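Undergrad: Make a model of this:
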Amino acid sequence: MDGPPTGPRAPRPAPRGWTRYAAVGDSFTEGMSDPDPAAPGAYVGWADRLASLLAPHAEEEFSYANLAVRGRKLVDVAGPQLEAALELRPDLVSIVGGGNDLLRPRADVDALAVQLEEAVARVRASGADVLMATPTDPAGAPVISRTRGRVGVYIAHIWSIADRHGCFVLNQWALDFLKDWRMWAEDRIHMTPEGHRRVALAAYAALGHDPQDADWHVPLPPQAPAGTLETIRGNAQWVRAYGAPWVQRRLTGRSSGDDVTPKRPDLAPVRPSAPPTQGTRPIDP
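TA: Sure, this is the predicted structure:
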């Protein structure tokens, strides 16, 4: 594929009662920092929560698979993960990847976009609908804020791909509540349960449904800013606990996802739920 195709925009499909949802991606879609109370060491996450929101709309039994694995780059998400997902014959696929690639200083954003578009085209050719997601705005984040320019270009590609292929898009850049550090875990990379809950509702809305929760997009009440000394100590603690280990893994060619397998590799039934609240686990084991 030499470059993006040109031509008229593809119409975005209308919401429908999907029955077979498969999610591929990295730690965001795996659900890291949203602990599963029923399975120590495992996570729930926005995709699990979204599946439970979509289940009541299905005209038959709704099933869901999650093949995402932390640390994975787009070559894996759009490659082996997507291959496995398509074998399940889903009618809805969420594909969210590229974030780990963008952290690399020499990331080729245009090449990533070509890879993503090829994956999206394969899903659309199968007859399934596609949900993509933009990255969040990294402004103000330690280290990651330096990727803001690359992230912006990648987001432009995501919207262009969505226009060409008729995809749904979860626009995380526009979610102001994610600019609040209380939505983020101590590692400042993964979301808290409340962050995942709200993103699931945002994805539900992006798919054309009414979250029926008037406050899901409203930022938390303001809090007193941290003092200078407290901020310095917090940043130093972050470097020791999370920044330095991340750099060490990059230098040694290791990943946080080494030896990690998908938490839900096959389609399995999902118990319907109302919009999930923090701490709920509507996914059946």
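
Undergrad: can you give me the strands in the stretch 101-250 of the chain?
TA: Counting by DSSP state E, counting those that start in this stretch, the stretch 101-250 of the chain has strands at residues 129-133, 168-170.

Undergrad: Rebuild those as JSON lines, extending it with mean neighbour count.
TA: Where C-beta positions appear, they are placed from N, C-alpha and C, glycine not excepted. Below are the strands of the stretch 101-250 of the chain laid out as JSON lines (neighbours: other CB atoms under 10 Å):
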{"stretch": "strand 129-133", "mean neighbour count": "24"}
{"stretch": "strand 168-170", "mean neighbour count": "21"}
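
Undergrad: State the mean pLDDT of stretch 81-96.
TA: Here stretch 81-96 scores 98 as its mean pLDDT.

Undergrad: Of all the residues in it, which ones are buried?
TA: 81-82, 84-86, 88, 90-96 (16 or more other CB atoms under 10 Å).

Undergrad: Kindly report the same for stretch 134-143.
TA: Buried residues in stretch 134-143 (16+ other CB under 10 Å): 134-138, 141, 143.

Undergrad: How about stretch 168-179?
TA: 168-170, 172-173, 175, 177-178.

Undergrad: what's next to that stretch, contact-wise?
TA: 12-13, 129-137, 139-140, 155, 158-159, 162, 183-184, 191, 195, 198-199, 202-203, 206-208, 217-220 (CB atoms under 8 Å, 6 or more residues apart in numbering).

Undergrad: Please could you give me each C-alpha atom of that stretch, formatted as PDB?
TA: Output in PDB follows, covering the C-alpha atoms of stretch 168-179 (Å, rounded to 0.1, in the frame of the first residue of the first chain):
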ATOM      1  CA  PHE A 168     -16.700   5.100  14.600                       C
ATOM      2  CA  VAL A 169     -14.100   7.200  16.600                       C
ATOM      3  CA  LEU A 170     -13.800   7.600  20.300                       C
ATOM      4  CA  ASN A 171     -12.200  11.100  20.500                       C
ATOM      5  CA  GLN A 172     -10.200  11.000  23.800                       C
ATOM      6  CA  TRP A 173      -8.400  14.200  22.900                       C
ATOM      7  CA  ALA A 174     -11.700  16.000  23.500                       C
ATOM      8  CA  LEU A 175     -12.400  14.400  26.900                       C
ATOM      9  CA  ASP A 176     -11.600  17.300  29.300                       C
ATOM     10  CA  PHE A 177     -12.100  15.100  32.400                       C
ATOM     11  CA  LEU A 178      -9.000  13.100  31.300                       C
ATOM     12  CA  LYS A 179      -6.900  16.200  31.900                       C
END
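
Undergrad: Out of the buried residues of stretch 168-179, which is nearest to Thr29?
TA: Leu170 (11.0 Å; CB to CB).

Undergrad: Report pLDDT for that closest one.
TA: Note for Leu170: predicted pLDDT of 98.

Undergrad: now the buried residues of stretch 81-96 as a markdown table including secondary structure?
TA: Formatted as a markdown table, the buried residues of stretch 81-96 follow (DSSP: H, G, I helix; E, B strand; the rest coil):
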| residue | secondary structure |
| --- | --- |
| Gln81 | helix |
| Leu82 | helix |
| Ala84 | helix |
| Ala85 | helix |
| Leu86 | helix |
| Leu88 | coil |
| Pro90 | coil |
| Asp91 | coil |
| Leu92 | strand |
| Val93 | strand |
| Ser94 | strand |
| Ile95 | strand |
| Val96 | strand |
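
Undergrad: hmm, back to that, most widely separated two among the buried residues of stretch 168-179?
TA: Phe168 and Phe177 (20.2 Å).

Undergrad: List the residues that contact Asp137.
TA: Here Asp137 is in contact with 148, 151, 173, 178-179 (CB under 8 Å, 6+ apart).
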